[in-house]
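Peer 1: got a predicted structure here, sequence first:
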Amino acid sequence: MDSSLPYLTLFIFIGCVQCCLDNHHNATRCFDYCVLGAGPAGLQMGYFLSKAKRVYIILERNSGPGSFFNKYPRHRKLISINKVNTGKQNWEFNLRHDWNSLLSDKLDLLFKKVSREFYPPADAFPVYLSMFEKELGLNVQYGVDIGRIRAMQSATGRSYILTDQHTSDYTCRVLLVATGLWVPHKVDFVGSDLVEGYESISTNPEDYKNQAVLILGKGNSAFETGQSLLGSASVVHMLSANPVRLAWQTHYVGDLRAVNNELLDTYQLKSLDGLLEAKLEKIAIIQLQEQRGRKRSKKRQFYLTTKSILEHQQEKNSSDEARTRLEALYSDNFPGRKPYDRVIRCTGFQFNFSIFDSSACPPNSDNAKGRLPGLTAWYEGLNTPDLFVLGTAAHSRDYRLSAGGFVHGFRYTVRAVHRVLEQRYHGNPWHSTKLLTTQLLSLILKRINEASGPYQMVGVLGDVIVLRGSHFEYVEEYPIQALPHFSSISGHEFSNHGIIVVVLQYGTKKIDFLGKDRAQSDWRNAWKSNFLHPVLYYYDTLPTEEEMKLRPKGWPLPRPKAMHHMIEDFLAEWDAPISHIQPLRRFLEHCVQTDLKAFYAESCFLSSLTHRKPPLFCQQGYLKQQGVTHSQLWQDGR
């Protein structure tokens, strides 16, 4: 690592302060870090910055934290798991099943203090965030509505200027955007102006009594809305381009959750509700007055058709809007031939790009229909250096792959970003543990059985083990898509002994997830595992960017020099001596080219008498008069 980096960083920060002094007449407030948004991601970053004693401020336009949850979800039930009782007291392990708490050194500052319900009420989340902010003393300024963000380049470096509703400026060297997704995503189609939005609909079921309702979308917000209407609406139909994706099949928490899927029952059991497939860009919604006898009533109804059929009919007779003409557009069994009383849009939200000017605006992502900003593997905006995106808005990096769009995922990606900041701007290497090679097996087993970060951020965050002969460095929760840049981002030099990357991942094969052959039990078939299981990748050289792009489909990393799958386990506990530990030890011995078994003192004594080079365990313990170290006792018992 370049020893001049801390001095260069200090020079840049001093330059930023000088810039602030030069603009003092404009009421500029200057900080090293500006965090935009006091939602869960913003407060999580605030905690890490506060703990590191950095000069920062969190700017929030509303009067309290987590204001999104004051309104959403509209029907006031969260779908994030709040499993209070796990049978274990291990704090790190319990976070695997606590999807609402944020990370801090106060181990009792958990969401269960405000709610113990498995699916908590939405009102509990702002209460928890407020408690988190106050107990940790975070620097949050409320009532600051940032309307414009621009970048300024000077001789001392790049900075960002944020202007609020009072034309006051906030200048910072690094901008951390944690505004979430709150702008409704609208699809433009014929008649889209006739549609009600999820953000403004009534949540009183009585307002839909005996009405036929068409919902556009098939995500959790759409099903949440449809489920609330099952007892009051006469008909609920749902329409989107794709069939329903079930979270228990895709392993993606953003897909339809079981808590919201009652409408699937009423559809499959033919109780008036139904699902349709069509691209929203190609549909058309037509509004007509209801015909009763010879008179038209004031009640208006909506008909579903397609853009192409409508255009063809308009060419034939552009002035005739009669019902008989409309019915002629359909085949006699067209699913949407009956009128609807209401059409509701439930198509999700998107990132607010409008507050950025051209000098500071990250590009749209290639995935998620461009609703999210495009980011590097370490969550820095593409073409916007020193601007990082946190939380739900950073989900473009793992869209439909992992949990980065949700609290239980992005609390770890926020920590990863903070570690990037500490290395880049302050010369503090990524958090790591340095141990003797004989302890490698024990530490890996501990991490895969307890760690919550890799468990939640499947295939995205992994542990990187830098092998250095007699010892190793264990770097936790590194964004593995940034592996080609490991040395510069982590501050840990690559070793000619190679690295091992430990990742938790699902199988890539599509199967019947409730069928009898859904799981593997023989450790020799571990590579066929379909459920969540650890996978170890050994590289003797760092993968390149080109290799990352060309990796096999469904793989989180390129093909390594050696690879090891640990067999999936029904209990998600990888501690079986024969099925888990022994195959793992043999793989590690292949990587480090030495015997990793543990020995009693008598065995070490005999080996030292009969071998020129006793096993590594004996070299680092018994022969140095250290005996058997405590960390190996569990392994000896096995």
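Peer 2: Sure, I can see it.
Peer 1: how about the strands of the stretch 101-250 of the chain, start to end?
Peer 2: Using DSSP state E, counting those that start in this stretch, the strands found in the stretch 101-250 of the chain span residues 140-142, 148-154, 157-163, 169-177, 183-184, 196-197, 212-216, 235-240.
Peer 1: using CSV, lay out the ones you listed together with mean pLDDT and distance to Thr433.
Peer 2: C-beta coordinates here come from the backbone N, C-alpha and C atoms, glycine included. Converted to CSV, the strands of the stretch 101-250 of the chain look like this (pLDDT from 0 to 100; distance: least, Cβ to Cβ, whole Å):
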stretch, mean pLDDT, distance to Thr433
strand 140-142, 98, 33
strand 148-154, 94, 38
strand 157-163, 95, 34
strand 169-177, 97, 27
strand 183-184, 97, 42
strand 196-197, 97, 50
strand 212-216, 98, 50
strand 235-240, 97, 47
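Peer 1: possible to save those strands as CSV with mean neighbour count and distance to Ile448?
Peer 2: Below are those laid out as CSV (neighbours: other Cβ atoms under 10 Å; distance: least, Cβ to Cβ, whole Å):
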stretch, mean neighbour count, distance to Ile448
strand 140-142, 15, 37
strand 148-154, 16, 41
strand 157-163, 22, 40
strand 169-177, 25, 31
strand 183-184, 15, 39
strand 196-197, 15, 44
strand 212-216, 25, 42
strand 235-240, 23, 38
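Peer 1: between these, which one is nearest to Pro373?
Peer 2: strand 169-177 (8.0 Å; Cβ to Cβ).
Peer 1: could you break this structure into its assigned domains?
Peer 2: 29-183+350-419, 196-345, 430-592, 601-637 (the TED database).
Peer 1: circling back: for Leu375, which of the strands of the stretch 101-250 of the chain is the nearest?
Peer 2: Closest among the strands of the stretch 101-250 of the chain, once you apply Cβ to Cβ, is strand 169-177, at 10.3 Å.
Peer 1: so which of the strands of the stretch 101-250 of the chain gets nearest Glu568?
Peer 2: Of the strands of the stretch 101-250 of the chain, nearest to Glu568 by Cβ to Cβ is strand 235-240, at 32.4 Å.
Peer 1: for the closest one, give me every contacting residue.
Peer 2: Applying Cβ atoms under 8 Å, 6 or more residues apart in numbering, the contact partners of strand 235-240 are 212-218, 222-223, 226, 229-230, 263, 266, 272-278, 280, 283, 304, 335-336, 338, 340, 347.
Peer 1: quick one, which of these are buried?
Peer 2: Among the contacts of strand 235-240, those scoring as buried are 212-218, 222-223, 226, 229-230, 263, 266, 273-275, 280, 283, 304, 336, 340, 347 (criterion: 16 or more other Cβ atoms under 10 Å).
Peer 1: burial count for Thr167?
Peer 2: Residues lying near Thr167 (other Cβ atoms under 10 Å) number 10.
Peer 1: gap between it and Ile146?
Peer 2: Separation of Thr167 from Ile146 (Cβ to Cβ, to the nearest Å): 11 Å.
Peer 1: same thing with Phe356?
Peer 2: 10 Å.
Peer 1: same question for Arg74.
Peer 2: 26 Å.
Peer 1: go on, Gln153?
Peer 2: According to Cβ to Cβ, Gln153 stands 20 Å off from Ile146.
Peer 1: related to what we said a few turns ago, out of the domains of the chain, nearest to Phe189?
Peer 2: That would be domain 196-345 among the domains of the chain, by Cβ to Cβ, at 5.5 Å.
Peer 1: list the residues that contact the nearest residue to Val140 once chain neighbours are set aside.
Peer 2: Leaving out its chain neighbours, the residue that sits closest to Val140 by Cβ to Cβ, 6 or more residues apart in numbering is Ile58, at 4.4 Å. By Cβ under 8 Å, 6+ apart, the residues touching Ile58 are 35, 37-38, 42-43, 46, 138-141.
Peer 1: list buried members of those by neighbour count.
Peer 2: 35, 37-38, 42-43, 46, 138, 140.
Peer 1: counting only strands, which of those make the cut?
Peer 2: Among these, the members falling in strands (DSSP state E) are 35, 140.
Peer 1: what comes up buried for the host helix or strand of Cys591?
Peer 2: According to DSSP states H and E, Cys591 maps onto helix 582-592. For helix 582-592, burial by neighbour count (16+ other Cβ under 10 Å) applies to 583-585, 587-589, 591-592.
Peer 1: ok, and what's touching that helix?
Peer 2: The list of residues contacting helix 582-592 from outside it, by Cβ under 8 Å, 6+ apart, reads 437, 440-441, 444-445, 467, 497-498, 500, 523, 526, 536, 538, 562, 564, 566-567, 595-597.
Peer 1: filter those residues down to the buried ones, ChimeraX style.
Peer 2: Filtering the contacts of helix 582-592 down to the buried ones (16+ other Cβ under 10 Å) takes a single ChimeraX command:
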select :437,440,441,444,445,467,497,498,500,523,526,536,538,564,566,567,595,596
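Peer 1: which helix runs longest in the protein?
Peer 2: helix 407-426 (DSSP state H).
Peer 1: show me what that helix is packed up against.
Peer 2: helix 5-22, helix 40-51, strand 169-177, strand 387-389, helix 453-456, strand 461-468, strand 471-479, helix 486-490 (3 or more Cβ pairs under 8 Å, 6 or more residues apart in numbering; DSSP states H and E).
Peer 1: now the fifth one: average pLDDT?
Peer 2: Across helix 453-456, the average pLDDT comes to 98.
Peer 1: quick one: distance of it to the chain centre.
Peer 2: The chain centre lies 11 Å from the centre of helix 453-456; the measure is Cα atoms, centre = their mean, to the nearest Å.
Peer 1: what does that helix contact?
Peer 2: Outside helix 453-456, the residues that touch it by Cβ under 8 Å, 6+ apart are 96, 402-403, 408-409, 412, 415, 447-448, 461-463, 476-477, 502-504, 532.
Peer 1: which of the residues you listed count as buried?
Peer 2: Buried members of those, scored by 16+ other Cβ under 10 Å, are 96, 402-403, 408-409, 412, 415, 447-448, 461-463, 476-477, 502-504.
Peer 1: which residues touch Leu467?
Peer 2: Applying Cβ under 8 Å, 6+ apart, the residues near Leu467 are 437, 495, 497-500, 591-592.
Peer 1: how near is it to Ser354?
Peer 2: Applying Cβ to Cβ, the value for Leu467 to Ser354 is 48 Å.
Peer 1: ditto for Thr392
Peer 2: 17 Å.
Peer 1: repeat that for Thr438.
Peer 2: For Thr438, the distance to Ser354 (Cβ to Cβ) stands at 57 Å.
Peer 1: then Leu483?
Peer 2: Distance of Leu483 to Ser354, given as Cβ to Cβ: 35 Å.
Peer 1: show me which of the two is the more surrounded one.
Peer 2: Using other Cβ under 10 Å as the criterion, Leu483 and Ser354 rank with Leu483 on top: 26 against 10.
Peer 1: and what about that one, helix, strand or coil?
Peer 2: Following DSSP: H, G, I helix; E, B strand; the rest coil, Leu483 is assigned to helix.
Peer 1: check the secondary structure at the closest residue to it other than its chain neighbours for me.
Peer 2: Nearest residue to Leu483, sequence neighbours excluded (Cβ to Cβ, 6+ apart): Pro543, at 5.5 Å. Three-state call for Pro543 (three-state DSSP): coil.
Peer 1: helix/strand/coil for the residue nearest to Val140?
Peer 2: strand.
Peer 1: beta partners of it?
Peer 2: Beta bridges link Ile58 to Val35, Val140 when assigned by DSSP bridges.
Peer 1: where's it relative to Tyr72, distance?
Peer 2: Relative to Tyr72, Ile58 is positioned 21 Å away (Cβ to Cβ).
Peer 1: got a list of what Asp540 touches?
Peer 2: Going by Cβ under 8 Å, 6+ apart, Asp540 touches 496, 498, 561.
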